[in-house]
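Peer 1: please find the sequence and the predicted model below.
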Amino acid sequence: MKWMLPLLLFLLLPNDSKADVPSPLAERCVQHYAAHYRVPPELIAALIDVESRWNPRALSNKGAMGLMQLMPDTARRYGAVEPFDVEQNIAAGTRYVTTLMWEFRGDLRLVAAAYYAGDRWIGQKQLNYCNPDVIAYVEAVRRQYVMRKQAAPRPSRRETR
């Protein structure tokens, strides 16, 4: 009988085998909200890569929800009434990233660190933080960001004129 509950949970839980692949809706939302708030779409996508691996139903053990792993207070503060809704989650997460970009004057290392550890803590420490989890997180986001920037299509010479 003990094996029945785990089996039921396994059968009822959604299959996340496509978790690393963004849905077309998620990709459109990243592009739209990044352009709207004037932040690099590669940064938003890199945060999602690291935070949830593109699983819209991701839930952390600390209560962070959705693609951008928004904490409940952050989700409410930035307008995500339904934090597991792909569009609301990306919109709110991108608004939050925009706030961090202003606060940290566009320093992507501090933005990523603050997204992970909180802006108050990073604001006090700046780049003097020594938490290995924060350092690993910032490096993971940086790697994804650089990879995405390098993979982004570049405009031809005619398009830049």
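Peer 2: Thanks, I have it.

Peer 1: give me the low-pLDDT residue ranges for this protein?
Peer 2: For the chain, applying pLDDT under 70 flags the ranges 1-19, 124-129, 155-161.

Peer 1: now the terminal residues of stretch 65-76, how far apart.
Peer 2: 12 Å (Cα to Cα, to the nearest Å).

Peer 1: gap between that stretch and the chain center?
Peer 2: Relative to its parent chain, stretch 65-76 has a centroid offset of 10 Å by Cα atoms, centre = their mean, to the nearest Å.

Peer 1: what residues does that stretch touch?
Peer 2: With contacts defined as Cβ atoms under 8 Å, 6 or more residues apart in numbering, stretch 65-76 is touched by 26, 44, 47-48, 51-52, 54-60, 62-64, 78, 80, 83-86, 89-90, 92-94, 96. Placement of C-beta: from N, CA and C, glycine included.

Peer 1: do the same with stretch 141-154
Peer 2: With Cβ under 8 Å, 6+ apart as the criterion, stretch 141-154 contacts Pro40, Glu42, Leu43, Ala45, Ala46, Leu47, Asp49, Val50, Leu108, Arg109, Ala112, Tyr115.

Peer 1: sounds good, over and out.
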